[in-house]
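# here's a sequence, model it:
(chains A and B)
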Amino acid sequence: MTEAIDWAAFPDNRGHFGVYGGRFVSETLMGALDELQDVYERYMKDPAFLAELDRDLRQFVGRPSPLYHAERLSRELGGAQIYLKREDLNHTGAHKVNNTIGQALLARHLGKKRIIAETGAGQHGVATATVAARLGLECVVYMGEEDTRRQAPNVYRMRLLGAEVVPVTSGTRTLKDALNEAMRDWVTNVDDTFYIIGTVAGPHPYPSMVRDFQAVIGREAREQHVEATGRLPDTLVACVGGGSNAIGLFHPFLADEGVELIGVEAGGEGVDTGRHSAPLGAGRPGVLHGNRTYLMEDENGQIIGTHSISAGLDYPGVGPEHAWLKDIGRASYVSVTDDQALAGFHRLTRTEGIIPALETSHAIAHVLELAPTMRPDQSIIVNLSGRGDKDLATVADREGITL
Amino acid sequence: MNRIQQRFEECRGSGRAALVPYITAGDPEPGATVDLMHALVEAGADLVELGVPFSDPMADGPVIQRAHERALQHGTGLRDVLEMVRRFRERDAETPVVLMGYLNPVERMGFETFATEAAAAGLDGLLTVDLPPEECDEVTALLDQAGIDPIFLVAPTTSRERIGHLARAARGFVYYVSLKGVTGSQSLDPSALNERLDAIREFTDLPLGVGFGIRDAESAAAVARVADAVVVGSALVSLVEAHPGDSAGFIRAAADKLSGMRRAMDEARSPSAAGSV
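Residues are numbered from 1 along each chain as shown, chains lettered A, B, ... in the order given. Predicted coordinates for the structure are as follows:
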């Protein structure tokens, strides 16, 4: 299926992954995106910049994150060995900081004094506010009003870090609307502002830039797995909203054809109910937020409301590289429902003493089904993309418990 | 010669700047749109720009965002907008109509279907805010065949190199976005504007329209002195909210506002006003 693909040739120099990706923004931003692409390409070849990035990842983020063999869960499921890539142990509690560290360094090299970001669950907002505080940059985070309620502790965390959190009241008041509002801010303040996008979506060069900053996950996991077992894993599993933790894990394995890649989308109340966030499973290609990708839209091309128990997956689009990997068959994408994700949340918490984020719980839920179908001499790496502290109120509320 | 060229020729001949109102189709309700278009033409519009409602209008400020939301509450889709154009054409065969919107509704309809149906409805131009010239080859080829002009934006941040590129892809007229920002942002500075327009004229003979930040007769007149066309959007659309549940009242108010702009623009261009720039 994927023979003879030169993986390094994607995206092309205008950001295309096959028919996906590209740069679909208003003219005002085109110059800023050209500038960003130039700077990014230059610094990613600059040994001094890479050394600075590496030092920050070690000393501030706490990398490398462990690859943990979940022995008890593996034994209970009676199939493949399950390894957890512990991105939840990063500073700020999720994979998001790998990218914000990198983009904030670029912002500083560009001389920008002001950082903006969008956030859904608040993890990317927290990771952005954190690096902005450390570098002394002004920080404004756009967050859907609905999400500011669902993720109140993260709102407070961002404010403690000195960020201004702007609740977005337009449209569906969730992540997609926060992204619209951040774009509007950027187009207005483009001279002094750097927009740190949190996922592998948006106009070129964001999808490949964010991927490259997150690919440290897969590079480490590959080396750690080989060190632990002497071989490559059989399967990688990660949750997919915009898709940054999944691409970060998958990308260094793309050329390893024997390694199966599985992305898990949010099935919400069930893909057949229409109340879900699974554009790869149930959407179709279109253009939103600067790139062509799979979208959830109606027959008039309007973006439709999404639903997921996890704010971080509640997004109607997905990174264009995932759209391409799906079409060429290199990765496959499944979905799990809110209820299945909750079951995964409890199972990992009780079995391994690790409370995963609700986003991550989707990946766990799929592994609960998948592992028993595999042999004990096979292995799965799951990206444990974030910790679940931020979700305790959501889970308690769902189960009728008042904290 | 198509309707857009014809109209700009007439304007040039009579020494006036073209007045281009923007309204969002289906706002405040779909039944009002065609009447509003005719009223705007009677009030002095030379070309009508019709916004296609979209769920995620990233380049628009709060006034036009709310207009899109109101139109979408009535389910106004791209096919409905083309039907409005067709009905407008029943009574007005001369005034050019340009759609302004975002790419996804057009992509969902299919570029080829859109081009065919839009031409049949009597549409003259299409401005897709999020379709830069780098990505437009397929669409513009189909629009060209159908006789519909692709209209492009030039921004204050556009480099000289890009202006050249945009000017080659553009037909009809070039739309200069006078501000960094979303629609309905702060007022513009007419003196800096002239310099930018001269820079664009090095690359194209197409008429130059200016929009974003024109909110009253005075700013319309100032722009009319230096540009070939004045685009006014948020200043008209905001009147909807002053007339809740009263489409007829909104139409009258929008037409009044536009005729005030028309008078001020024509005075600014009259021989007695020459030298006052």
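# state the phi and psi torsions of the closest residue to residue A:81 other than its chain neighbours.
Spatial nearest neighbour of residue A:81, chain neighbours left out: residue A:379 (4.3 Å); criterion: CB to CB, 6 or more residues apart in numbering or on different chains. Glycine gets a C-beta too; all of them are placed from N, C-alpha and C. Dihedral angles of residue A:379 (phi, psi; degrees, to the nearest 10) stand at phi -140, psi 150.
# residue B:136 too?
phi -100, psi 0.
# contacting residues for it?
For residue B:136, the contacting residues are B:150, B:169, by CB atoms under 8 Å, 6 or more residues apart in numbering or on different chains.
# can you pull up the most central residue in the chain?
Using chain A. Nearest to the mean C-alpha position of chain A, by CA atoms, centre = their mean, lies residue A:244 at 3.0 Å.
# please refer instead to chain B.
Chain B has residue B:49 as the residue nearest its centroid, 3.7 Å off, counting by CA atoms, centre = their mean.
# any idea how far it is from residue B:125?
Shown here: residue B:49 relative to residue B:125, a distance of 9 Å by CB to CB, to the nearest Å.
# quick check: residues of the stretch 151-300 of chain A near chain B?
Neighbours of chain B within the stretch 151-300 of chain A, by CB under 8 Å from any CB of the partner chain: A:170-171, A:176-177, A:180, A:183-184, A:187-191, A:286-290, A:295, A:297, A:299-300.
# mind checking which of those are buried?
The neighbour-count criterion (16 or more other CB atoms under 10 Å in any protein chain shown) marks A:170-171, A:176-177, A:180, A:183-184, A:187-190, A:286-290, A:295, A:297, A:300 among those as buried.
# so where is the chain shaky, pLDDT-wise?
With no chain named, the answer covers chain A. A:1-3 (pLDDT under 70).
# try chain B instead
Using pLDDT under 70, the flagged stretches of chain B are B:185-187, B:273-277.
# ok, now with 50
Low-confidence segments of chain B (pLDDT under 50): B:275-277.
# could you list which of the residues of the stretch 151-300 of chain A next to chain B belong to helices?
Those of these mapping onto helices are A:176, A:177, A:180, A:183, A:184, A:187, A:188, per DSSP state H.
# could you pull out the strands for chain B?
B:18-24, B:48-51, B:97-101, B:125-128, B:149-150, B:152-154, B:174-177, B:208-211, B:229-232 (DSSP state E).
# ok, which of those comes nearest residue A:95?
Closest to residue A:95 of the strands of chain B is strand B:125-128 (CB to CB; 34.8 Å).
# where's residue A:166, which helix or strand?
strand A:164-168 (DSSP states H and E).
# paired strands for that strand, with orientation please.
With DSSP bridges as the test, strand A:164-168 is paired with strand A:138-144 (parallel).
# alpha carbons only: can I get the strand it pairs with in CSV?
C-alpha atoms of strand A:138-144 as CSV (Å, rounded to 0.1, in the frame of the first residue of the first chain):
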residue,chain,number,x,y,z
GLU,A,138,2.6,38.9,27.1
CYS,A,139,0.1,36.1,26.7
VAL,A,140,-3.6,36.0,25.6
VAL,A,141,-5.5,32.7,25.4
TYR,A,142,-8.8,32.3,23.6
MET,A,143,-11.1,29.6,25.1
GLY,A,144,-14.7,28.8,24.2
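# next structured bit after it?
Following strand A:138-144 in sequence, per DSSP H and E, is helix A:145-150.
# only the buried residues of whichever helix or strand comes after that following helix, if you could.
Per DSSP H and E, the first helix or strand lying C-terminal to helix A:145-150 is helix A:152-160. Within helix A:152-160, the residues that count as buried by 16+ other CB under 10 Å are A:154, A:155, A:157, A:158.
# helices and strands around helix A:152-160, which ones?
With contacts defined as 3 or more CB pairs under 8 Å, 6 or more residues apart in numbering or on different chains; DSSP states H and E, helix A:152-160 has these neighbours: helix A:123-135, strand A:164-168.
# pick the most buried one from those.
Highest mean neighbour count of the helices and strands packed on helix A:152-160: helix A:123-135, a mean of 26 (counted as mean count of other CB atoms under 10 Å in any protein chain shown).
# ok, residues contacting it?
A:60, A:91-94, A:96-97, A:99-101, A:104, A:107-108, A:115, A:117-119, A:138-139, A:141, A:143, A:154, A:157-158, A:161-163, A:165, A:196, A:198-199, A:312, A:357, A:386, A:390.
# that one versus strand A:164-168: what angle between them?
Helix A:123-135 runs at 160 degrees relative to strand A:164-168, counting by axes from the mean of the first three to the mean of the last three CA atoms, to 10 degrees.
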